[in-house]
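A.B. asks: with the input below, show me the fold.
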Amino acid sequence: MNHQAHKLETLFGEQSVSKKSKTRFIAVTSGKGGVGKTTISANMCFLMAKRGIKTGVFDADIGLANLDVMLGLSPQKTILNLLKGDAEIADIILPIDKNCFLVPGESGNEILKFGDQFMYDRFYSEIEKLDFLDYLILDTGAGIGEHITMFLHAADDVIVVTTPDPAAITDAYAMLKVLSAKKERIFLLVNQAQDDLEGERVFERVRKVAAANLPSLKLINAGSLQKDNDVAKSIRSRYILSKEAPASRASMKLEKVIDRILNVMERQMLERKEDSGFNRFFKRLLNQF
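C.D. replies: Take a look at the predicted model:
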């Protein structure tokens, strides 16, 4: 057994490493910053892993990657080291909890400068070893910048997070408009709502405008999350709320959101049998640069 295989088996287990699955990619994004998408991404990863679903979360906010800080982790190497050939998969991935892993992103723009095909071929071969994951959650940057939309177009599914704030709603619609050119289906999640009724009203407001102007887009209601002091406390103290307080209102509400999203995605996978996986995802992504 080679050194990397041993490290991988230590992290994931022998059965996981040999599994020939095809990872699905869920991008969590927003039109405006400060709506809570990073907190949602981290908690989704933990709650899905708690169900026995092998889940990773990747900090795809190129230039401002900080998910590791929020989780209280200190990665020594990132996805950039993997691309450059300075690291192997087992060197960069960090376990958060059972079945739950962080794939550290890069806080600088250097990852966007690579165009060497040999590096890409080696990278594709190495990244494919992460196909033991059932899902990878992509925590992207906010807005409709080119590098953000690249990740969104390459993902299998996209969750757009908004709040009831008028500016956030406007920016969320702008995001939907850009993505509708390539996406048939997008989830909308309303965060920081006063209650479920406000969340439904925000969704209906966006849905009606989208139905009138983006007829090819199917907008799916992922549900809503309410304002919660426990969430703010977890962000300040750098811990995953769903792990430390599983009975909290926010944790239980997010469980319902995950139920909705997974039910829709699982039906789609059965109907369309689409191919996915790390190799395919990163080829779609890097070929856009």
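A.B. asks: and residue 245, how close does it get to residue 251?
C.D. replies: From residue 245 across to residue 251, the span is 6 Å (CB to CB, to the nearest Å). In short, each C-beta sits where N, CA and C put it, glycine included.
A.B. asks: repeat that for residue 230.
C.D. replies: Note on residue 230: its distance to residue 251, by CB to CB, is 8 Å.
A.B. asks: what's the answer for residue 94, then?
C.D. replies: Taking CB to CB as the criterion, residue 94 is separated from residue 251 by 22 Å.
A.B. asks: between the two, tell me which one has more neighbours.
C.D. replies: Higher neighbour count among residue 94 and residue 251: residue 251, with 22 against 17, using other CB atoms under 10 Å.
A.B. asks: so that one is in contact with residue 234, correct?
C.D. replies: No: counting by CB atoms under 8 Å, residue 251 sits too far from residue 234 to count as a contact (9.9 Å).
A.B. asks: so what sits against both of the two?
C.D. replies: In terms of CB atoms under 8 Å, 6 or more residues apart in numbering, residue 251 and residue 234 are both contacted by the residues 241, 245.
A.B. asks: based on its surroundings, how many neighbours for the residue nearest to residue 127 when sequence neighbours are not counted?
C.D. replies: Excluding its sequence neighbours, the residue lying closest to residue 127 (CB to CB, 6 or more residues apart in numbering) is residue 278, at 4.7 Å. Burial of residue 278 is recorded as 23 neighbouring residues (other CB under 10 Å).
A.B. asks: next one: phi and psi at residue 278?
C.D. replies: Torsion angles at residue 278 (phi, psi; degrees, to the nearest 10) stand at phi -60, psi -40.
A.B. asks: which residues touch it?
C.D. replies: Counting by CB under 8 Å, 6+ apart, residue 278 makes contact with 23, 127-128, 130-131, 136.
A.B. asks: distance of it relative to residue 92?
C.D. replies: 13 Å.
A.B. asks: check which helices and strands the host helix or strand of residue 189 sits against.
C.D. replies: When elements are assigned from DSSP states H and E, residue 189 belongs to strand 185-193. The contact analysis (3 or more CB pairs under 8 Å, 6 or more residues apart in numbering; DSSP states H and E) places strand 185-193 against strand 157-162, helix 166-179, helix 196-213, strand 218-226, helix 249-272.
A.B. asks: a markdown table for those, including mean pLDDT and distance to residue 61?
C.D. replies: Written out in a markdown table, the entries for these read as follows (pLDDT from 0 to 100; distance: least, CB to CB, whole Å):
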| stretch | mean pLDDT | distance to residue 61 |
| --- | --- | --- |
| strand 157-162 | 96 | 13 |
| helix 166-179 | 95 | 15 |
| helix 196-213 | 97 | 23 |
| strand 218-226 | 95 | 20 |
| helix 249-272 | 86 | 20 |
